[in-house]
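In: Sharing a model that was predicted from the sequence below.
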Amino acid sequence: MHVSIAEAKARFAALVNRARSGEKIILTRNGKPVACLGPVPPQEEVEFGDLEGLYVAEDLSIPQDIIEDFYRKRS
């Protein structure tokens, strides 16, 4: 669906509801696409252990006491 920005201003709440239900709405200015309104992708929860085994390179921007605290709290 293509909607002008002027029309989108007048029907914004209805367009958001349509986007929320999965519809992709292209906003246009002077007949040219400039933006897209659509549903937010589902977010996956990150649980403790999801990143287990991931190699973390030494990063000098992280203070050593914070790194040590991280490993202490895992136990």
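Out: Structure's in. What do you need?
In: And the helix or strand hosting residue 72, how far out from the chain middle?
Out: Taking DSSP states H and E as the definition, residue 72 sits inside helix 64-74. Between the centre of helix 64-74 and the centre of its chain there are 29 Å (C-alpha atoms, centre = their mean, to the nearest Å).
In: repeat for stretch 23-32
Out: For stretch 23-32, the distance to the chain centre is 21 Å (C-alpha atoms, centre = their mean).
In: do the same with stretch 9-17
Out: Mean-position distance between stretch 9-17 and its chain equals 21 Å (C-alpha atoms, centre = their mean).
In: buried sites along it?
Out: Buried residues in stretch 9-17, counted by 16 or more other C-beta atoms under 10 Å: residue 15. C-beta coordinates here come from the backbone N, C-alpha and C atoms, glycine included.
In: Averaged pLDDT, the helix holding residue 72. What do you get?
Out: When pLDDT is averaged along helix 64-74, the result is 77.
In: Using CSV, write down the CA coordinates of it.
Out: Extracted in CSV, the C-alpha atoms of helix 64-74 (Å, rounded to 0.1, in the frame of the first residue of the first chain):
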residue,chain,number,x,y,z
GLN,A,64,39.8,-5.2,34.5
ASP,A,65,37.7,-5.1,37.7
ILE,A,66,34.5,-5.2,35.6
ILE,A,67,35.8,-8.2,33.7
GLU,A,68,36.7,-10.0,36.9
ASP,A,69,33.3,-9.1,38.4
PHE,A,70,31.6,-10.7,35.3
TYR,A,71,33.4,-14.0,35.8
ARG,A,72,32.7,-14.0,39.6
LYS,A,73,29.0,-13.6,39.1
ARG,A,74,28.8,-16.5,36.6
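In: which residue sits closest to residue 25, ignoring its sequence neighbours?
Out: residue 37 (4.2 Å; C-beta to C-beta, 6 or more residues apart in numbering).
In: Show the backbone phi and psi for residue 31.
Out: phi 80, psi 0 (degrees, to the nearest 10).
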